[in-house]
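1. For reference, the sequence and a predicted model appear below.
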Amino acid sequence: MSRVFAHRGAHLVARENTLEAFYDALALGVDGVELDVRKTADGALVVHHDPSVEGRPIALSSAANLPTYVPRLSDALRVLKDVTVNVEIKNLNDSSEPTYDDTGSLARDVLDALRDEPEGSYTLSCFDLATCDVVRSFDPHVYIGWLIGRASLSSSLATAKEHGFNAVHPHFRLVTRRTQREAVDLGLDLNVWTVNRTRDLRRIAALGVASIITDQPALALQLREQSA
């Protein structure tokens with residue numbers, strides 16, 4: 001049965017990507033939590049989706065100058081030590097981002113942070129193929145999935161296999177019975193985002209994908225229990 005991951009925590013109850021949202025997700029009994037990691041100007045790893053918070057670019061701010069609700073990655077990992085954490089590295093060579101790390105520093109820092117919390121179970125993901133490659137070059141064993149939103153899933157699966165990744169994380173609209181079979185044949189997982197409506201949750205779960213990342217974890221868990 002597909003594992004259920006709370007997207008940015010149980011953020012319909014609490015502010016997304018906060019410790020409160022993570023505690024609420026744990027209370028639901030999820031299998032995992034997806035969160036986003038960025039690096040501040042002074043080198044701290046913090047959990048936040050957007051490049052800026054309250055008008056402050058995270059990459060250009062010190063950790064002390066960020067709002068207190070923005071947690072350190074280390075604090076989030078400790079809260080979530082009993083479930084799998086899907087850590088999305090926010091690094092993309094795009095005009096929407098104020099900085100792009102092409103040195104591998106961010107990837108290495110994230111890997112070091114995970115090694116500092118050995119009790120947990122982790123998945124790394126990123127939309128940036130080069131960042132996924134850097135992660136793999138630093139650690140041949142860490143579980144990594146390449147995030148895609150609009151590309152061909154079939155060709156992305158072939159690329160992921162070629163690059164030695166463990167999974168592709170596609171938008172749910174890209175996933176079909178055929179692409180799930182292709183993933184299985186290649187020995188790759190599909191960890192699918194962001195599946196929220198009842199009919200979509202049922203369809204994706206019926207395909208047998210590895211994980212469902214959802215803004216509606218309580219609903220996903222309820223539907224999984226009903227189908228058991």
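-> Done, it's in.

2. from memory residue 146 sits against residue 168, does it?
-> Yes - contact criterion Cβ atoms under 8 Å: residue 146 and residue 168 qualify, at 5.4 Å. All C-beta atoms are positioned from the backbone trio N, CA, C, and that covers glycine.

3. which neighbours do these two share?
-> 156, 160 (Cβ atoms under 8 Å, 6 or more residues apart in numbering).

4. Make sure residue 146 is indeed in a strand.
-> Yes - using DSSP: H, G, I helix; E, B strand; the rest coil, the assignment for residue 146 is a strand.

5. Which strands or helices does the helix or strand hosting residue 38 pack on?
-> Residue 38 belongs to strand 32-39 when assigned by DSSP states H and E. Secondary-structure packing of strand 32-39 (3 or more Cβ pairs under 8 Å, 6 or more residues apart in numbering; DSSP states H and E): strand 3-7, helix 19-28, strand 45-47, strand 84-89, helix 105-115.

6. What residue, apart from its backbone neighbours, is nearest residue 133 spatially?
-> residue 163 (6.0 Å; Cβ to Cβ, 6 or more residues apart in numbering).

7. How about residue 228?
-> Per Cβ to Cβ, 6+ apart, closest to residue 228 is residue 1, 7.2 Å.

8. Just the strands from the protein, written as ranges.
-> Taking DSSP state E as the test, the strands found in the chain are 3-7, 32-39, 45-47, 52-53, 56-57, 84-89, 121-126, 144-148, 167-170, 189-192, 211-214.

9. So what touches the fourth one?
-> Contacts to strand 52-53, defined as Cβ under 8 Å, 6+ apart, come from residues 58, 66-67, 70, 98.

10. which neighbours does it have in its sheet, and in what orientation?
-> strand 56-57 (antiparallel) (DSSP bridges).

11. quick one: average confidence on the partner strand?
-> Computed over strand 56-57, the mean pLDDT rounds to 94.

12. try stretch 191-203
-> Stretch 191-203 comes out at a mean pLDDT of 98.
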